[in-house]
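A.B. asks: From the sequence below, what's the structure:
(one chain, ligands or ions: 1)
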Amino acid sequence: MITLQNISKVFKTDAIETWALENISLTIDKGEFISIMGPSGCGKSTLLSIMGLLDLPSEGTISINGNNPLTLKDKQLAKFRNEHLGFVFQSFHLINDLSVRDNVAMPLLYRKVSSKETKQRVEAALEKVGLTHRMDHKPSQLSGGQRQRVAIARAIVGNPSIIFADEPTGNLDSVMGDEVMQMLLKLNEEGATIIMVTHDEQQAKLTDRIIRVFDGRQVSVQPQNKLETV
Ligand SMILES: Nc1ncnc2c1ncn2[C@@H]1O[C@H](COP(=O)(O)OP(=O)(O)OP(=O)(O)O)[C@@H](O)[C@H]1O
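C.D. replies: Predicted coordinates for the structure are as follows:
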């Protein structure tokens, strides 16, 4: 479903070149729940951004669902990302002036979806995360865990084939973090492919595989966590 071949990323500023990623190759299958782990600054977020087509690699190729998105022009790339990929970030990235309902509807604004269908899809996504009773609230009126659940509803409303989550529980206390993690596990059980950056070994153990990164290089892929913990 996702294949990266020889992906490198160099950030160039005036005097310095930083190789955030060096020669990463990996394959992620449909339906997998993957954790990306490693020390601060090792390149996890850069890797997630490149897999999620939010940033372009300096070298290498990416295939997603059999497509080669790196050949697309900006507008087509945005359309591809909107249709295939969903995102959840550590700091939620919700728009505070909009209601929960309107935040969740955002990815559908870029598609030709009727208002009736938008309403149905938004309500179904909010039902999945248990927040239909908060649809007309503003994000500021919700707890951190609830805000992240709104962000998850926004990530799934467009029915993407892959969900990227960058430290989705990083700003939450352990109870709310567990709630969000359980929600991601449930979405995965229902068929979603999920790729998550995390610092939390306990959470990572609940996922199918851990990809460990060190200094921009992939140092190991730990297979079949779920079997190990049985
Ligand atoms: N836009 C940028 N310009 C220059 N250097 C960058 C940029 N983004 C990231 N880097 C550098 O690339 C390296 C990898 O950063 P990245 O954010 O991917 O690490 P990370 O593993 O996600 O870190 P953390 O766990 O602290 O969030 C770091 O050395 C960082 O300073």
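A.B. asks: Centre-most residue in this protein?
C.D. replies: residue 164 (1.3 Å; C-alpha atoms, centre = their mean).
A.B. asks: Confirm that that one sits in a strand.
C.D. replies: Yes: when DSSP: H, G, I helix; E, B strand; the rest coil is applied, residue 164 is found to be in a strand.
A.B. asks: low-confidence ranges in this structure?
C.D. replies: Applying pLDDT under 70 to the chain flags residues 223-230.
A.B. asks: Get me the contact residues on it for the ligand.
C.D. replies: Within the chain, the positions near the ligand by C-beta under 6 Å from any ligand atom are 11, 13, 18, 20, 38, 40, 41, 42, 43, 44, 45, 46. For every residue, glycine as well, the C-beta is placed using N, CA and C.
A.B. asks: Sort out for me which of those residues are in strands.
C.D. replies: In this view, those that belong to strands under DSSP state E are 11, 18, 20.
A.B. asks: From those residues, list just the buried residues.
C.D. replies: residue 20 (16 or more other C-beta atoms under 10 Å).
A.B. asks: which stretches of this protein form helices?
C.D. replies: 44-51, 74-84, 100-109, 115-128, 144-156, 174-189, 201-205, 225-229 (DSSP state H).
A.B. asks: Can you tell me which of those helices is most buried?
C.D. replies: helix 144-156 (a mean of 25; mean count of other C-beta atoms under 10 Å).
A.B. asks: Which elements pack onto that one?
C.D. replies: strand 85-89, helix 100-109, helix 115-128, strand 162-166, helix 174-189 (3 or more C-beta pairs under 8 Å, 6 or more residues apart in numbering; DSSP states H and E).
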